[in-house]
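Engineer: Mind looking at a prediction? Sequence and model below.
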Amino acid sequence: MVPLCIPPPGPQAQRQQDVPVSAGSSMKGTADSSGTANSSTNAISAAGPIRPCDALKKPGCLQKLQRWFAARMPVSVQKMSPWLDQYHRKGEAALIRDGFTYGFFIPFTQNSQPTFAENLKSVPENWEIVATKLRNEVAMGRMAGPFPSLPFPNLRISPLGVVPKKEPGKFRLIHYLSHPKGNSVNDGISKEAAAVSYVSFDRAVSLVRQAGRGALLAKSDIESASRLLPIHRDCYHLLGCQFEGQFYYDLCLPMGCSISCRYFECFSTFLEWVVRHETGHNSVIHYLDDFLFIGPPNTNVCQLLLSTFQFFMAKFGVPLSREKTEGPVPVLSFLGIEIDTVELVFRLPDDKLQRLKSTVAEITVAKKVTLRSMQSLLGLLVFACRIMPIARVFSRRLSLSTCGIKQPHHFIRITRQLREDLTVWQTFLEQYNGHTCLMDTEVSNEELSLFTDAAGSTGFGAILAQSWCAEQWPDNWAPVGLCKNMTLLELFPIVVTVEIWGHRISGKKICFWTDNMSVVFAINKLTSSSLPVLALLRHLVLRCLELNIWFRARHVPGRENFAADALSRFQWGTFRELVPDAEREGAKCPVFLWRLVEDNC
């Protein structure tokens with residue numbers, strides 16, 4: 001974690017004591033969600049306290065600034081103060097308090113020379129939209145301007161752009177702070193300072209599981225997100241833009257600034273804590289500005305959480321979107337995924353699923369694709385993996401392929417390894433309907449009475465309750481060294497288990513206990529230098545995707561595994577003594593699994 005604080009005042013702080021701001025600015029009322037915020041994912045929690053620089057401690061200056069913020073910012077730090085005093089994250093409490101009192105500081109480390117960048121071509125193409133949005137931003141006190149000349153001699157002017165929203169006829173104005181490349185505002189903010197981690201969708205899944213079938217869900221959304229966060233006056237010169245020969249600068253953080261997500265995540269984490277603290281219930285989570293509330297069926301827990309959130313947001317002056325507030329209901333979309341607590345199913349939107357299928361199909365047959373195309377695919381895969389965590393491994397190499405590629409139009413070669421991962425996705429998606437059932441809590445293979453073992457000199461054994469399977473290694477394995485590959489031999493019966501009894505463990509999260517560290521590594525990392533092991537892993541993941549099974553491995557030294565050990569050595573008498581109610585006949589290993597290994601030697 002990188003602490004953030006304002007450096008000692010220099011000439012810039014002295015020059016900006018009397019910052020020019022356009023007349024009539026006010027942020028009272030509800031923020032406009034069509035402002036200049038855009039989404040950003042490169043951003044982690046909390047920073048150190050922001051402290052006012054010495055220039056602001058001059059007589060009357062600090063009080064003047066506090067009054068200015070209080071008059072124009074909708075969020076009231078004074079009303080939040082009693083809860084900030086109790087907040088256990090003291091550093092974040094200080095960050096929030098000082099940020100809303102003096103402004104949030106942008107830790108820009110490059111020189112303070114002015115820069116100028118032309119707007120994107122989408123701006124003149126949408127002249128009226130840009131003009132209207134700039135007027136709105138100024139009227140709401142989120143931007144200063146227009147100025148006929150530079151309001152600061154060192155103003156950094158970054159380009160504006162217009163992008164369409166999902167809603168037809170609606171557009172978003174973007175302040176591109178990553179331009180120009182190499183000399184942008186975001187280039188001057190370290191990745192460590194802007195790093196942020198968000199809650200995993202797995203947490204929502206866990207809360208739904210705890211609440212039970214028919215759980216009630218509600219959600220709410222904070223309007224304009226980081227545009228609620230005022231900027232420290234020493235940083236105004238970093239956020240300039242121009243339109244029609246006139247100049248503006250931001251007074252509130254735009255989402256295009258890489259530090260914005262870190263600051264807002266800190267703030268929204270505090271707001272979540274307030275709800276937990278006041279209600280005594282922990283079934284609330286947030287993802288940046290989206291909040292989800294969960295309660296057991298036939299209780300008022302969900303409604304209590306939502307009402308408490310709404311009450312304190314109104315008290316603190318945090319605007320909420322009425323259109324995006326919903327519940328309590330048993331079926332609700334959160335982060336684009338439909339949660340159905342009656343059917344205990346998570347559903348991907350059909351348009352996203354069809355787009356994912358077509359994109360995977362296109363890239364699978366391509367020889368090379370642009371960085372932009374690969375990033376688009378990765379975005380779709382990340383979205384889908386929210387409800388298919390085991391599939392994340394088949395995005396790993398695709399993601400690594402983008403490393404070192406600088407420009408969106410530069411090409412990435414689709415190697416054999418990448419095509420193999422894409423083929424797994426394509427095979428799975430051909431029969432996937434976008435619905436994933438809620439998994440049970442994690443269990444060990446021993447809790448399921450599932451045991452496997454392998455002996456290099458004889459064969460393998462696998463047991464699931466009273467069912468079993470045991471066969472010897474093919475004669476042609478030893479001459480090519482397969483019987484010495486213990487990772488392969490130990491993994492093989494696990495794959496056999498999923499193949500022949502997968503329907504009996506569908507919807508399970510299984511932890512395989514094994515005393516073989518190489519098997520633990522192969523299963524948890526889903527990779528291996530051995531081609532036959534890799535082939536088995538790919539088949540295992542594909543079957544688990546189809547059957548909605550999640551698995552991992554845990555190293556347990558000296559694990560007792562007598563029954564499966566007896567099976568793998570064909571010690572039938574010992575096996576029958578250990579498992580007297582075992583089925584009379586064992587299952588057969590599918591022939592194609594033997595061939596899968598042999599074809600990849």
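Structural biologist: Arrived safely, thanks for sending. Numbers count the residues shown, from 1 in each chain.

Engineer: Tell me who's in contact with residue 597.
Structural biologist: Residues near residue 597 by Cβ atoms under 8 Å, 6 or more residues apart in numbering: 477, 482, 488, 492, 532, 535, 536. No exception for glycine: its C-beta is placed from N, CA and C like everyone else's.

Engineer: Give the buried residues for whichever helix or strand the third one is part of.
Structural biologist: Here residue 488, judged by DSSP states H and E, is contained in helix 486-501. By 16 or more other Cβ atoms under 10 Å, the buried positions in helix 486-501 come out as 487-501.

Engineer: Only C-alpha atoms, please: export the lengthiest helix in the chain in CSV.
Structural biologist: Longest helix in the chain, counting residues (DSSP state H): helix 260-279. Only the C-alpha atoms of helix 260-279 are listed here, as CSV (Å, rounded to 0.1, in the frame of the first residue of the first chain):
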residue,chain,number,x,y,z
SER,A,260,-10.0,8.1,-8.9
CYS,A,261,-11.0,4.5,-8.4
ARG,A,262,-8.7,4.1,-5.5
TYR,A,263,-10.1,7.1,-3.7
PHE,A,264,-13.8,6.2,-4.5
GLU,A,265,-13.3,2.6,-3.4
CYS,A,266,-12.0,3.9,-0.1
PHE,A,267,-15.1,6.0,0.2
SER,A,268,-17.6,3.3,-0.8
THR,A,269,-15.9,0.8,1.6
PHE,A,270,-16.6,3.2,4.4
LEU,A,271,-20.2,3.6,3.3
GLU,A,272,-20.6,-0.2,3.3
TRP,A,273,-19.2,-0.3,6.8
VAL,A,274,-21.8,2.3,8.0
VAL,A,275,-24.6,0.0,6.8
ARG,A,276,-23.1,-3.0,8.5
HIS,A,277,-22.4,-1.0,11.7
GLU,A,278,-25.9,0.4,11.9
THR,A,279,-27.9,-2.8,11.1
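
Engineer: Which elements pack onto it?
Structural biologist: Judged by 3 or more Cβ pairs under 8 Å, 6 or more residues apart in numbering; DSSP states H and E, helix 260-279 is in contact with helix 77-86, helix 90-102, helix 191-194, strand 284-287, strand 290-295, helix 301-316.

Engineer: Quick one: the helices in the stretch 501-601 of the chain, in order.
Structural biologist: Per DSSP state H, counting those that start in this stretch, the stretch 501-601 of the chain carries helices over the ranges 517-525, 531-547, 562-568, 572-578, 591-598.

Engineer: Could you look over those helices and pick the most buried one?
Structural biologist: Neighbour counts (mean count of other Cβ atoms under 10 Å) averaged over each of those peak at helix 562-568, with a mean of 23.

Engineer: residues in contact with that one?
Structural biologist: Under Cβ under 8 Å, 6+ apart, the answer for helix 562-568 is 451-455, 458-463, 468, 470, 493, 572, 574-575, 578-579.

Engineer: Can you say which of these are buried?
Structural biologist: Buried residues within the contacts of helix 562-568, defined by neighbour count using 16+ other Cβ under 10 Å: 451-455, 458-463, 468, 470, 493, 575, 578-579.

Engineer: What's the local residue count around residue 133?
Structural biologist: Applying other Cβ atoms under 10 Å, we find 22 residues neighbouring residue 133.

Engineer: cool, residue 391 as well?
Structural biologist: If we define neighbours as other Cβ under 10 Å, then residue 391 has 18 of them.

Engineer: ok, now residue 90?
Structural biologist: 11.

Engineer: Distance check, it against residue 84.
Structural biologist: From residue 90 across to residue 84, the span is 9 Å (Cβ to Cβ, to the nearest Å).

Engineer: Equivalent analysis for residue 340, please.
Structural biologist: For residue 340, the distance to residue 84 equals 38 Å [Cβ to Cβ].

Engineer: Same check on residue 241?
Structural biologist: Residue 241 is 33 Å from residue 84, by Cβ to Cβ.

Engineer: circling back to that earlier point, possible to save the helices of the stretch 501-601 of the chain as a markdown table with distance to residue 351 and mean pLDDT?
Structural biologist: Shown next, in a markdown table, are these (distance: least, Cβ to Cβ, whole Å; pLDDT from 0 to 100):
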| stretch | distance to residue 351 | mean pLDDT |
| --- | --- | --- |
| helix 517-525 | 33 | 84 |
| helix 531-547 | 21 | 86 |
| helix 562-568 | 47 | 89 |
| helix 572-578 | 53 | 92 |
| helix 591-598 | 35 | 92 |
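
Engineer: Among those helices, which comes closest to residue 232?
Structural biologist: Across the helices of the stretch 501-601 of the chain, residue 232 has its closest neighbour in helix 517-525 (44.0 Å, Cβ to Cβ).

Engineer: I figured residue 112 was touching residue 152, is that so?
Structural biologist: No - the pair residue 112 / residue 152 is not scored as a contact, 9.6 Å apart, by Cβ atoms under 8 Å.

Engineer: okay, and the common contacts of these two?
Structural biologist: What both residue 112 and residue 152 touch, as defined by Cβ under 8 Å, 6+ apart, is the set residue 237.

Engineer: Pick out whichever of these two has more residues nearby.
Structural biologist: residue 152 (20 against 15).

Engineer: ok, the more buried one touching residue 236?
Structural biologist: Yes - at 6.9 Å, residue 152 and residue 236 qualify as touching, with contact defined as Cβ under 8 Å.

Engineer: What is the burial count for residue 299?
Structural biologist: Residue 299: 14 surrounding residues under other Cβ under 10 Å.

Engineer: ok, now residue 407?
Structural biologist: 10.

Engineer: the domain parsing of this structure - what is it?
Structural biologist: When the chain is parsed with automatic domain parsing, its domains come out as 11-197+227-260, 201-225+264-347, 368-431, 442-598.

Engineer: The stretch 1-150 of the chain: helices as residue ranges?
Structural biologist: Ranges of helices in the stretch 1-150 of the chain, per DSSP H, counting those that start in this stretch, are 11-15, 61-72, 77-86, 90-102, 122-125, 127-139.

Engineer: how about the fifth one: buried residues?
Structural biologist: Same thing as helix 122-125. Neighbour-count burial for helix 122-125, counted by 16+ other Cβ under 10 Å, picks out 122, 123.

Engineer: And the contacts of it?
Structural biologist: Contacting residues not belonging to helix 122-125 are listed as 130, 159, 160, 161, 162, 163, 243 [Cβ under 8 Å, 6+ apart].

Engineer: From those, which land in helices?
Structural biologist: Of the positions in the contacts of helix 122-125, residue 130 sit in helices, assigned by DSSP H.

Engineer: can you put the contacts of helix 122-125 in CSV and add neighbour count?
Structural biologist: Output for the contacts of helix 122-125, formatted as CSV (neighbours: other Cβ atoms under 10 Å):
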residue, neighbour count
130, 21
159, 21
160, 23
161, 19
162, 20
163, 12
243, 19
